[in-house]
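Engineer: sequence-free structure coming up:
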């Protein structure tokens, strides 16, 4: 697959999930969105509210805060993944030292990239466990309920999943948000 890149490439709609459960998570997620969405190669179209969510996979850890983004990007899937990993590392995530599904300051996942289907060792599109993850579906359904992924509407998938324990958090006041760079 040829990777589009740069300002000459036609933008592609991508869906992104962010979460974390270490430190000042909401401030870290705000910073992650700012770093990920530069307004050039990745342009933010919509951001969900923040949601408090129970841990998934490994349950002996603090709750998470999760959110979803809809972006337009001129980066290819691999370039978008590289950007996500670079933002995670910049914000303190050490993937090599962390436990799978364990605590982390930030996690950024590409959920869908246009209508691309991709199955590579470290990049699967659309995200293969989307239908199992209420912490992804609930925020996504807020911003793109009619978006089709794998032939199903995001809103329908969110209505069909057990979303027990997921709580929409109140919006933060401007004074609570970190200063933008």
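Structural biologist: Now that the structure is in, tell me what you want to look at. In this text, all values refer to a predicted model and were calculated from it rather than measured experimentally.
Engineer: ok, residues contacting the longest helix seen in the chain?
Structural biologist: Across the chain, the longest stretch assigned as helix under DSSP state H is helix 77-90. Contacts to helix 77-90, defined as CB atoms under 8 Å, 6 or more residues apart in numbering, come from residues 1, 3, 5, 14, 16, 32, 35-36, 41-42, 73, 75, 95, 106-110, 113, 116, 118, 122-123, 125. Just so you know, the C-beta spots here come from the backbone N, C-alpha and C atoms, and that holds for glycine as well.
Engineer: please enumerate the strands of the chain.
Structural biologist: Ranges of strands in the chain, per DSSP state E, are 12-20, 42-47, 51-53, 64-73, 107-113, 118-120, 123-125, 148-149, 152-153, 167-168.
Engineer: residue 138 is nearest to which of those strands?
Structural biologist: Closest approach to residue 138 among these (CB to CB): strand 51-53, 6.1 Å.
Engineer: run the chain-centre distance for that closest one.
Structural biologist: 13 Å (CA atoms, centre = their mean, to the nearest Å).
Engineer: that strand pairs with which strands, parallel or anti?
Structural biologist: strand 64-73 (antiparallel), strand 167-168 (antiparallel) (DSSP bridges).
Engineer: sorry, back to before: next, the angle from the longest helix of the chain to strand 12-20.
Structural biologist: In terms of direction (axes from the mean of the first three to the mean of the last three CA atoms, to 10 degrees), helix 77-90 departs from strand 12-20 by 20 degrees.
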